[in-house]
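K.L.:
The amino acid sequence is not available; the structure is as follows:
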């Protein structure tokens, strides 16, 4: 059996009791380590589980899935995923590959940022599609996210933006020379995201994510030190919400007064918050 | 401290290790028992926790929240919620009330149906707003859900439908006479939901949820015996997917081929599945 075990969002104790039982008895334990991160390292997990943990990077999961699945027809393999197992497309691929090999699979759900973002006080019912924001480079500034945000905004919904992380990336030069030297990991910040949104807005000028649009910058959601900063995108360009991971919620115009009351204490500046709320939100 | 502890979706072992630690040391432990249910009863939870559990019904949470919060400024109170603590508006109210009383709060996230529905193979990124479907009565058939589904459909997104549950409801007669006699609990089935959708479609005739629209009926998501049945709404009107809880996903037209490949094995009838997919979905 291949078990996909969700680890939740913060530390080693966010695993479920059911998930921990699987980890303790599995033949091998892999940790998917490229779509998200916990706030504790592999060593902490190994100490907590009393088991060795094998780091599975993107290359291994996408190119060597049969290695991960080896022997899973007769013994249990645990594949640990930060958040919920179904947060990223990659894991669907792994399950489909297991099915091709007639290996049974089971997933152990856990919290994901998609529901834990409810801690902002915004109602989960009122979120539209989730959007990924990737790091811009000088020559590559993909702007398709703008269309997705426009679609959500057109029906008044909030948009959760998941911010890019780059782990175990090679520089172009090292890649060209076949040198397995990796850059330090990079995690997009709330401020970087806000800057990229405004850069595309300046280009498109449709008023989808304007300087005075309200958003919430979220850091380390689900952890003891989770941090929310609510403000205009212009304000968020300057904000430092601390260590990763970060995400951003763009607030839809159909937001309810109860949601406003809950998020207002997170406002960077209550005057600009009230002004933008009054300008953009139906019920004010 | 008031702790809102998510219990996950199926049984007593779906609690996180962190949540279990809170439950074991809390002064009092409440179980919110009207917006969702686990597949195990209070007794099983009490045996697993080694602690008494107080059932908190809607009346208690909405009218007597101060009773729940009593003493929380100096000791820990655990308020257990099936799924994730932020799945229902009610819990936001409880947190706001605690804040008014200067009682610190913390929530322990867990899986909710909003992310666990990823087990269908549909991408969580492609879901629009979540919609609740309530039991129709002879005189009350609220149809506002139709507008919400239309909005999601207009941008090609999937819609998760959460189905009504009625626990501890009084009949009109018993309520009028002040008799605290309660009806047996009722949980809307996939078939009942599909029938209600078609009833409203017959009235509105906009083709938002037609007889040949594809949907997935989901039962006991996250449990060992979770069950998915994919078919047209007409087919789902006749389906029995077993014991509660049920939910339904209406499949958006932007669905990807990889999603199709994943859900096709759940098809009630692969011929009608292929025909409806070809008719409604862009990539076929």
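P.N.:
Ah, there it is. What you are looking at is a predicted structure, and each value in this text was computed from that prediction instead of being measured.
K.L.:
Tell me where chain A is predicted with low confidence.
P.N.:
Of all residues in chain A, those with pLDDT under 70 make up the ranges A:88-90, A:282-284.
K.L.:
got the residues of the stretch 51-200 of chain A near chain B?
P.N.:
By the criterion of C-beta under 8 Å from any C-beta of the partner chain, the positions of the stretch 51-200 of chain A lying close to chain B are A:84-87, A:89, A:92-93, A:95-96, A:106-107, A:109-112, A:114-116, A:118-119, A:121, A:123-132, A:151-152, A:154-155, A:157. Quick note: C-beta positions are derived from backbone N, CA and C, even for glycine.
K.L.:
mind listing which of those are in strands?
P.N.:
For those, membership in strands holds for A:106, A:107, A:131, A:132, with DSSP state E as the criterion.
K.L.:
Longest helix of chain A, counting residues only.
P.N.:
helix A:190-204 (DSSP state H).
K.L.:
For the nearest residue to residue A:121 once chain neighbours are set aside, which residues are in contact?
P.N.:
Counting by C-beta to C-beta, 6 or more residues apart in numbering or on different chains, residue A:121 lies nearest to residue A:262, which is 2.7 Å off, once chain neighbours are set aside. By C-beta atoms under 8 Å, 6 or more residues apart in numbering or on different chains, residue A:262 lies in contact with A:120, A:121, A:122, B:92, B:95, B:96.
K.L.:
How much space separates the fifth one from chain A?
P.N.:
Meaning residue B:95. Distance, residue B:95 to chain A, by C-beta to the nearest C-beta, to the nearest Å: 8 Å.
K.L.:
burial count for that residue?
P.N.:
21 (other C-beta atoms under 10 Å in any protein chain shown).
K.L.:
how about the helices in the stretch 101-250 of chain A?
P.N.:
Ranges of helices within the stretch 101-250 of chain A are A:113-116, A:144-154, A:172-176, A:190-204, A:233-236, based on DSSP state H, counting those that start in this stretch.
K.L.:
and the helix or strand containing residue A:3, anywhere near chain B?
P.N.:
Using DSSP states H and E, residue A:3 falls within strand A:2-6. Yes. Strand A:2-6 is in contact with chain B by C-beta under 8 Å from any C-beta, via residue A:6.
K.L.:
before we move on, the earlier item: what's the closest of the contacts of residue A:262 to residue B:234?
P.N.:
The shortest distance between residue B:234 and any of those, using C-beta to C-beta, involves residue A:122 and amounts to 36.3 Å.
K.L.:
how many neighbours does that closest one have?
P.N.:
The burial metric for residue A:122, expressed as a neighbour count using other C-beta under 10 Å, is 25.
K.L.:
Just give me the residue right at the centre of chain A.
P.N.:
Nearest residue to the geometric centre of chain A (C-alpha atoms, centre = their mean): residue A:162, 4.6 Å.
K.L.:
ok now do the closest residue to residue A:169 other than its chain neighbours, which residues does it touch?
P.N.:
Counting by C-beta to C-beta, 6+ apart, residue A:169 lies nearest to residue A:183, which is 5.0 Å off, once chain neighbours are set aside. By C-beta under 8 Å, 6+ apart, the contact set of residue A:183 is A:166, A:169, A:170, A:171.
K.L.:
what's the answer for residue A:185, then?
P.N.:
The neighbourhood of residue A:185, defined by C-beta under 8 Å, 6+ apart, consists of A:165, A:166, A:167, A:168.
K.L.:
now, which of those lie within strands?
P.N.:
Within the contacts of residue A:185, residues falling in strands by DSSP E are A:165, A:166.
K.L.:
In space, what's closest to residue A:8 - neighbours in sequence excluded?
P.N.:
Ranked by C-beta to C-beta, 6+ apart and with sequence neighbours excluded, the top spatial neighbour of residue A:8 is residue A:14, at 2.9 Å.
K.L.:
Do I have it right that the one you found meets residue A:84?
P.N.:
No. In this structure, residue A:14 sits apart from residue A:84 without contact. The criterion is C-beta atoms under 8 Å, and the distance is 11.3 Å.
K.L.:
what do these two both touch?
P.N.:
Here residue A:14 and residue A:84 have A:110, A:111 as joint contacts, going by C-beta under 8 Å, 6+ apart.
K.L.:
Specify which residue of those two has the higher count of neighbours.
P.N.:
The residue with more neighbours, out of residue A:14 and residue A:84 and counting by other C-beta under 10 Å, is residue A:84; that gives 32 against 27.
K.L.:
Settle this for me: that one is touching residue A:109, isn't it.
P.N.:
Yes. Because the distance of 5.7 Å satisfies C-beta under 8 Å, residue A:84 is recorded as touching residue A:109.
K.L.:
so what sits against both of those two?
P.N.:
Shared contacts of residue A:84 and residue A:109, defined by C-beta under 8 Å, 6+ apart, are found at A:6, B:111, B:115, B:116.
K.L.:
top of those residues by neighbour count?
P.N.:
The most crowded member of the shared contacts of residue A:84 and residue A:109, judged by other C-beta under 10 Å, is residue B:111 (33 neighbours).
K.L.:
Hmm, that residue is touching residue A:116, no?
P.N.:
No. Shown here, residue B:111 and residue A:116 do not form a contact pair, counting by C-beta under 8 Å, at 10.2 Å.
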